[in-house]
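Asker: predicted model and sequence below, questions to follow.
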Amino acid sequence: MMSREGGLGQTRGEVKQALSNVSEGLMKNYRNTVEFAVRMREKGPAYKEAGEYLIAKGFWLSLRLIGALTGVSMDYLTPLDARIMSYKEFITEWVGAQFKRLLEDYGIRLPWYWQWFELELDHWHHNFIIGLYTWRRTLNVAFRGPTPDERKWLNEKYPHWEKFFGRVWDFYIKKIIDGQIPLPLTAVHLCAVCQVPIQAPVNGKYLRIYLKEYKGKIYTFDSPACLWIFDQEPDRYAGRRTYTQRVLEGMIQFTEEAYKDPKRLLQEVIWNMGQTEEGEAGLDPTDGAYALLYKEKDQDFLNRIKKYTEG
Ligand SMILES: [Zn+2]
């Protein structure tokens, strides 16, 4: 589905084909789930509810997967001249609208989190790629941040992008321009249901950590929908311990120095996850060149940096 660079394709035609495949695959799955739920509905009210739960859960978790793969790929890794639409447009028109129609056809109401689903299309995958970029040394992926031209495109497609995400990228770009490597400074919490890292709350109103205590342990979630899924079947998800939880519970240990020096801590996390320190994992394939473009091509870059440090 994705090229080695992570893009959906090199031409508009290739991208269109890839998106049709994604959309058709999803709709086939949704149709199967809905038809199963409809057969269950005939058995009585309890079955009807269970069927609707399956639909709501399936749609939500498929969005996590598709946001992580297709969302990041479409809006960040596909070449600008091959892009035919944004991820938000794709999900809204090619996935959400069709799913909605499918439910209407069978007289099934929309999942309760629909508003949340629409809201997240402006945030979730933009946060996710920042997390991936920050933690790229621990992952088997290599990528860079958006160039000034790609950033212009992001701002056209997502009017709130600059406000929420531009500042974070500027901070990384400045570091690279200054000859430093941006490093993660905090531990990552994973969502206990979708297993995706919970991002720093750049917008505390929508993105925050949801907590739940269950049988004496605290679980973290990235959304009300994931928390809701946990509540429906806690024992299914409660047994899993995320990487950060295992660290906090002392199942994974670091040296004394690591707790005093974030650089050292990152190195130990990388060793710990089985990556080699100087391995190919997570290196920027442009070696920071995307960031250096801001010095030449983005007249406003230095002004913004000045404003951040003043404000
Ligand atoms: Zn989640």
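Answerer: Sure, I can see it.

Asker: find the residue at the geometric middle of this protein.
Answerer: Nearest residue to the geometric centre of the chain (Cα atoms, centre = their mean): Phe128, 3.1 Å.

Asker: mind telling me which residue of the stretch 1-150 of the chain is nearest the ion?
Answerer: Residue nearest to the ion within the stretch 1-150 of the chain (Cβ to the ion): Arg64, separated by 6.3 Å. No exception for glycine: its C-beta is placed from N, CA and C like everyone else's.

Asker: thinking again about what came up before, and the residue nearest to the centre of the chain, what does it touch?
Answerer: Listed by Cβ atoms under 8 Å, 6 or more residues apart in numbering, the contact set of Phe128 reads Gly67, Ala68, Gly71, Val72, Val196, Pro197, Gln199.

Asker: please enumerate the helices of the stretch 101-250 of the chain.
Answerer: Per DSSP state H, counting those that start in this stretch, the stretch 101-250 of the chain carries helices over the ranges 114-120, 124-134, 148-157, 161, 167-177, 224-232, 234-238, 243-248.

Asker: quick one, phi/psi of the closest residue to His160 other than its chain neighbours?
Answerer: The shortest distance from His160 to any non-neighbouring residue, by Cβ to Cβ, 6 or more residues apart in numbering, is to Asp122 (5.7 Å). Torsion angles at Asp122 (phi, psi; degrees, to the nearest 10) stand at phi -90, psi -10.

Asker: what's downstream of the lengthiest helix in the chain, the next helix or strand?
Answerer: Assignment by DSSP state H gives helix 12-41 as the longest helix of the chain. Next helix or strand after helix 12-41 toward the C-terminus (DSSP states H and E): helix 45-66.

Asker: what residues sit buried inside that following helix?
Answerer: By neighbour count on 16 or more other Cβ atoms under 10 Å, the buried set for helix 45-66 is 48, 51-53, 55-64, 66.

Asker: also stretch 8-17?
Answerer: For stretch 8-17, by 16+ other Cβ under 10 Å, it's Leu8, Gly9, Val15.

Asker: mind checking the pLDDT average for stretch 85-97?
Answerer: Averaged across stretch 85-97, pLDDT comes to 97.

Asker: next, the distance between the ends of that stretch.
Answerer: End-to-end distance for stretch 85-97: 16 Å, by Cα to Cα, to the nearest Å.

Asker: can you tell me what sits against it?
Answerer: Applying Cβ under 8 Å, 6+ apart, the set of residues contacting stretch 85-97 is 19, 23, 26-27, 63, 66-67, 70-71, 74-75, 117-118, 121-122, 125, 157-158.

Asker: of those residues, grab the buried ones for PyMOL.
Answerer: In PyMOL syntax, the buried subset of these is picked out as below (16+ other Cβ under 10 Å):
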select buried, resi 19+23+26+27+63+66+67+70+71+74+75+117+121+122+125+157+158
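
Asker: any figure for the gap between the nearest residue to Leu154 once chain neighbours are set aside and the ion?
Answerer: Nearest non-adjacent residue to Leu154, counting by Cβ to Cβ, 6+ apart: Trp161, 4.8 Å away. Noted for Trp161: a distance of 22 Å to the ion, by Cβ to the ion, to the nearest Å.

Asker: what's the answer for Asn303, then?
Answerer: 37 Å.

Asker: surely that residue forms part of a helix?
Answerer: Yes: read with DSSP: H, G, I helix; E, B strand; the rest coil, Asn303 is one of the residues of a helix.

Asker: per-residue confidence for it?
Answerer: For Asn303, pLDDT reads 89.

Asker: then Leu265?
Answerer: In this model, Leu265 carries a pLDDT of 67.

Asker: show me where pLDDT drops low in the stretch 151-300 of the chain?
Answerer: 182-188, 199-207, 241-252, 259, 262-263, 265-267, 269-285 (pLDDT under 70).
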